[in-house]
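Asks: Quick one: sequence and predicted model below, then my questions.
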Amino acid sequence: MLTGTRGILVMAALFAIAPWAGLYPVFLMKVLCFALFACAFNLLIGFGGLLSFGHAMFLGTAGYVSAHAAKEWGLPPEVAILAGTAASAVLGAVTGLIAIRRQGIYFAMITLAMAQMIYFFCLQSPHTHGEDGIQAVPRGKLFGVLDLAQPLVMYYVVLAIFLAGFAVIYRAIHSPFGQVLKAIRENEPRAISLGYDADRYKLLAFVLSATLSGLAGATKAIVFQLASLTDVHWTMSGEVVLMVLLGGMGTIFGPVVGALVIITLENYLAPFGQWVTIITGLIFVVCVLAFRRGIVGELAAWLERRRA
Amino acid sequence: MTEIFGVPTQALFGQLLIGLINGSFYAMLSLGLAVIFGLLNIINFTHGAQYMMGAFAAWFLLNKAGVGYWWSLLIVPIVVGATGVIIERTMLSRLYKLDHLYGLLLTFGLALVIQGLFRNEYGSSGLPYQIPQELVGGYNLGFMFLPKYRAWVIVASLVVCVATWYVIERTKLGAYLRAATENPALVQSFGINVPRMITLTYGFGVGLAALAGVMAAPIYQVNPLMGADLIIVVFAVVVIGGMGSIMGSILTGFMLGIVEGLTKVFYPEASNTVIFVIMVVVLILRPAGLFGRER
C-alpha cells in the first residue's frame, strides 16, 4: 500500500478533497509546495545518498526569479514559474559540478557554504529588495484563462504541479537511472567497476533535484505572492532535511508526510516564537537517535513484521 | 596621508587587524573541528553554539558571580567542555557505527535547540562585555593604533593553536591520538582506552570553541546567534584547508581572515562572500583542500 501507483492515486484523491473537508487552501498549498521540495530533496539523499545542506538556494532562487518575472516583466504565471525553475536548474548544474568533487560530510559542507554565498548575493542584489523581499507579486491568469486569484483554482493548479513533479520523481526512482543511483549509494567503487560513470549519475540526480526544488520555490512565490530571504537562508535548508528525516528517507511518501507534519507544527507553534526552533531541533535529535527510518519507514517496517 | 594602491594606510592596517582578529577565531574554531573530525569522524555543527555558550558563560560569571575575564578563560572551557562530554557520552557515542551524516544531523539539531533556548531567554540583541582592566588602551605604532586587547587576542590564539599542534604532533598523548585516528581497533588492543580518549577529545574540541567564545566576548557582542553564521564560514575554511593537517587548519584560518580583511578595503561588496568564492576555486583546482590528503 505504501508504494505503487495505487498509493499515488489515494494521495491525489486525499489532496483533491482536502479543501472540502474544512482545510484552508492556503495551508494546503504551503504543504504541497514543501512536499514537492522535500520529495526533490529525498531523491538526492534517499536514493543518491548525497546530503545537501544548501537546498534552500534552489527554492529561494527560483522564487526570486519567478516573482521578478511575474511582477517586473509582467510575464504570465506559467512562464514565470518556468523561468524560476530553469534558473534553479542552471544553478543546480553549476553547484553540482563543484560539490560532487567531494563526498560525504564535505559534500554537505560545500553545499551549505555555496548556499550561504547565494544568500549574501540575494541580500545585496538590488533586484531582491533586501529584507523586504519582492512583495505583491501578481498571480495572474494561467494560460490566460484560469484566474489564479481564486483560491480554489490556485489550489488545484498547485496540486497538478505537485503531482507532476511527484510523478517525475517516481519515474526517476523506478527507472534504470534510479537503480544505478541506488547502486552508487550502496557501493560507489563497485558501481564504477561495473562501468557506470558515478559522477555523471550523481550530477544528473543533483540537477534533477535542484530543478524540482526550483519548481516548488517558483510555485510558492506565485501562491504567496512573495519572494523573501527566508527561503534562501540556511534554516530553510535545515528544515527540508528535517521533513525528509522525519517522514522517512528513501521512502516514496515519507517526504510528503514529513512536510505535512512540520508545516502543521509550525502553524500551531507560530505564536510561541523561539519554541519552533527548539522543537525543530529536538525532533532532529530524537529522529537521529531513535527514529532513523522516519514515520513512513517505521510504518512500512511494522507492516512487514506483521505480515511475517 | 600615505596611501597604498589608492587606499589610506590607516584603513588598510585597520582592516588587516580586523582580518587577523577574525582569522584568530577561524583558526581556533576550525582547529577544534579538525581535532574532533579526526577522531570522531563527525562534523560538529554544534561548534558555533558552543562558541556562543562560551561567551555567555563568561558574561554570566562576570555579571552574576563577579568572576572576571582571566578566571573565565580557565573555568569556561572546562564547564562548556564538560557539557560536550555529556553530549558525547549520551548521544554521539550511539552513532559511531552509522553513516557519518547522522552525526552532522544530530549536532545540527542540538545547535538549533541551544540557540533557540538562549534566544528565548535573551532575545537577539547583544549583551556588552567589558574589556578586562589590564588590557584597556592600546599602543601607538606610528602607522596605526593597536588596541591592547586585540593584540592579546591574536597572540593568545596563536599560542593556543601552536600548543594544540605541539600536543597532537609532538607528544606521546598526541601519538596515541593520531594512532587511534588511523586504526582505533589496533590501538585499543594495545590496552589504551579509546572510547575515553574519544570522549575527552570531543570535550577538548568543545572547550576550544568555548575559549574562543570567551575571547570573542569583549570584541563582538555576546549574542545568541553569534556562532550561527560564523560556523558556516568556518566550514568553508575547513573545506579550503582540508582536514588532514592540524597546522593546515591554523594557517588557513589566519590566511582567510586576512584575505577577508583586505577584501573589505578593496572591494567591500564581496567581503561576505570572498571566502566562499575561494572555496569554490580551491575545490576546482585542488579538491582535497590546500593541506588535505585525499582519503
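Replies: Right, received. Where do you want to start?
Asks: Can you tell me the closest non-neighbouring residue to the residue of the stretch 201-308 of chain A found nearest chain B?
Replies: Minimum separation of the stretch 201-308 of chain A from chain B (Cβ to the nearest Cβ) falls at A:Phe284, amounting to 2.6 Å. Quick note: C-beta positions are derived from backbone N, CA and C, even for glycine. Nearest residue to A:Phe284 in three dimensions, chain neighbours excluded: B:Gly109, at 2.6 Å (Cβ to Cβ, 6 or more residues apart in numbering or on different chains).
Asks: residue contacts, the residue of the stretch 201-308 of chain A closest to chain B?
Replies: The contact partners of A:Phe284, taken as Cβ atoms under 8 Å, 6 or more residues apart in numbering or on different chains, are A:Leu242, A:Leu245, B:Leu105, B:Leu106, B:Phe108, B:Gly109, B:Leu110, B:Leu112.
Asks: what stretches of the chain score poorly on pLDDT?
Replies: No chain was given, so I picked chain A. Scanning chain A for pLDDT under 70 picks out A:1-3.
Asks: Hmm, no, I was thinking of chain B.
Replies: Within chain B, the set of residues satisfying pLDDT under 70 comprises B:1-6, B:293-295.
Asks: show me where it has strands.
Replies: Under the criterion DSSP state E, chain B carries strands at the ranges B:3-4, B:7-8, B:138-140, B:145-147.
Asks: outside of the third one, which residues touch it?
Replies: In other words, strand B:138-140. Applying Cβ under 8 Å, 6+ apart, the set of residues contacting strand B:138-140 from outside is B:Phe145, B:Leu146, B:Pro147, B:Lys148, B:Arg150, B:Ala151.
Asks: which non-adjacent residue is nearest the fifth one?
Replies: This points to B:Arg150. Counting by Cβ to Cβ, 6+ apart, B:Arg150 lies nearest to B:Ile21, which is 5.7 Å off, once chain neighbours are set aside.
Asks: Tell me who's in contact with that neighbour.
Replies: By Cβ under 8 Å, 6+ apart, the neighbours of B:Ile21 are B:Arg150, B:Val153, B:Ile154, B:Ile219, B:Gly257.
Asks: Among those, which one has the most neighbours?
Replies: B:Gly257 (25 neighbours; other Cβ atoms under 10 Å in any protein chain shown).
Asks: Do I have it right that that residue meets B:Leu20?
Replies: Yes. Applying Cβ atoms under 8 Å as the test, B:Gly257 and B:Leu20 come out as touching, 6.0 Å apart.
Asks: Residues of chain A that sit close to chain B?
Replies: Chain A comes close to chain B at residues A:51, A:53, A:98, A:101-102, A:104-106, A:108-110, A:112-114, A:116-117, A:120-121, A:123-124, A:234, A:238, A:241, A:245, A:273-278, A:280-285, A:287-289, A:292, as judged by Cβ under 8 Å from any Cβ of the partner chain.
Asks: Please indicate which of the residues you listed are buried?
Replies: Neighbour counting by 16 or more other Cβ atoms under 10 Å in any protein chain shown classes A:51, A:53, A:98, A:101-102, A:104-106, A:108-110, A:112-114, A:116-117, A:120-121, A:234, A:238, A:241, A:245, A:274, A:276-278, A:280-285, A:287-289, A:292 among those as buried.
Asks: Among the residues you listed, which lie within strands?
Replies: Residues of those located in strands (DSSP E): none.
Asks: List the residues that contact whichever residue of the stretch 51-200 of chain B sits closest to chain A.
Replies: Across the stretch 51-200 of chain B, the shortest distance to chain A (Cβ to the nearest Cβ) belongs to B:Gly109, at 2.6 Å. B:Gly109 makes contact with A:Thr280, A:Gly281, A:Leu282, A:Ile283, A:Phe284, A:Val285, A:Cys287, A:Val288, according to Cβ under 8 Å, 6+ apart.
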